[in-house]
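Q: what's the 3D shape of this:
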Amino acid sequence: MATSTPLDTLITLARDSRDNAGIELSGLRRAQQESKAQLDTLLQYRHEYRQKLQTSMESGIGPASWSNYQQFLRSLDDAIAGSRHALSTHESQLAQGQLRWQQEQQRLSAYDTLVDRRNTAEHQRTTRREQRMADEMSAGMRIRRQAQQDHSGSSH
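A: Residues are numbered from 1 along each chain as shown. Below is the predicted model of the structure:
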């Protein structure tokens, strides 16, 4: 079993932080979409209500009804303004959430790069060690062979 290094711990923490940022980003995206849908609904409702007012005006409308229409349209316009403000806030929060997720992903990628470098360096050390051992074995065999040849050549 491989031992855990401080870098492995940092990677785990960075991955958790990135995942949490992703969950938060998902919630922010959902809130922004809901806010946009609410604004679209209000705008559609206002459009339909204006058309209804227009139709009523063509057939004749009393002062009390006119006042009620005007008051309701003002209330609707206030709700639309509030919805636009909420959408703007959600879009700003979404942009911040996207930036946070990107930063967390970059941090994780930097740690992954360090791991890759560490693994590459370890592989190079292992390869050099194996090559050194092979060279030493080869040199030892040459020395033994030479010694055998010198020994067998001197006994003749």
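Q: which one's the longest helix in the protein?
A: helix 63-154 (DSSP state H).
Q: Report pLDDT for D112.
A: What the model reports as pLDDT for D112 is 93.
Q: Just give me the residue closest to the centre of the chain.
A: W101 (4.2 Å; C-alpha atoms, centre = their mean).
Q: what packs against the longest helix of the chain?
A: helix 6-59 (3 or more C-beta pairs under 8 Å, 6 or more residues apart in numbering; DSSP states H and E). For every residue, glycine as well, the C-beta is placed using N, CA and C.
Q: tell me the angle of the helix it packs on relative to helix 63-154?
A: Counting by axes from the mean of the first three to the mean of the last three C-alpha atoms, to 10 degrees, helix 6-59 lies at 160 degrees to helix 63-154.
Q: Quick one: mean pLDDT for helix 6-59?
A: Here the average pLDDT along helix 6-59 is 94.
Q: which strands and helices sit next to it?
A: Checking 3+ C-beta pairs under 8 Å, 6+ apart, helix 6-59 ends up next to helix 63-154.
Q: Relative to I23, how far out is Q105?
A: 14 Å (C-beta to C-beta, to the nearest Å).
Q: So for these two, which residue has more residues nearby?
A: For Q105 versus I23, the count of surrounding residues by other C-beta atoms under 10 Å is larger for Q105: 16 against 11.
Q: How about the contacts made by that one?
A: The contact partners of Q105, by C-beta atoms under 8 Å, 6 or more residues apart in numbering, come to R18.
Q: measure it to A31 for me?
A: Counting by C-beta to C-beta, the gap from Q105 to A31 is 21 Å.
Q: Let me see the contact set for the nearest residue to D77 once chain neighbours are set aside.
A: Setting aside the residues directly before and after it, D77 is nearest to R46 in space (C-beta to C-beta, 6 or more residues apart in numbering), at 7.3 Å. R46 sits next to L73, L76, D77, I80 when contact means C-beta under 8 Å, 6+ apart.
Q: Also D16?
A: Counting by C-beta under 8 Å, 6+ apart, D16 has no contacts.
Q: How much space separates it from L53?
A: From D16 over to L53 (counting by C-beta to C-beta), the distance is 55 Å.
Q: Next one: A79, what pLDDT does it get?
A: 97.
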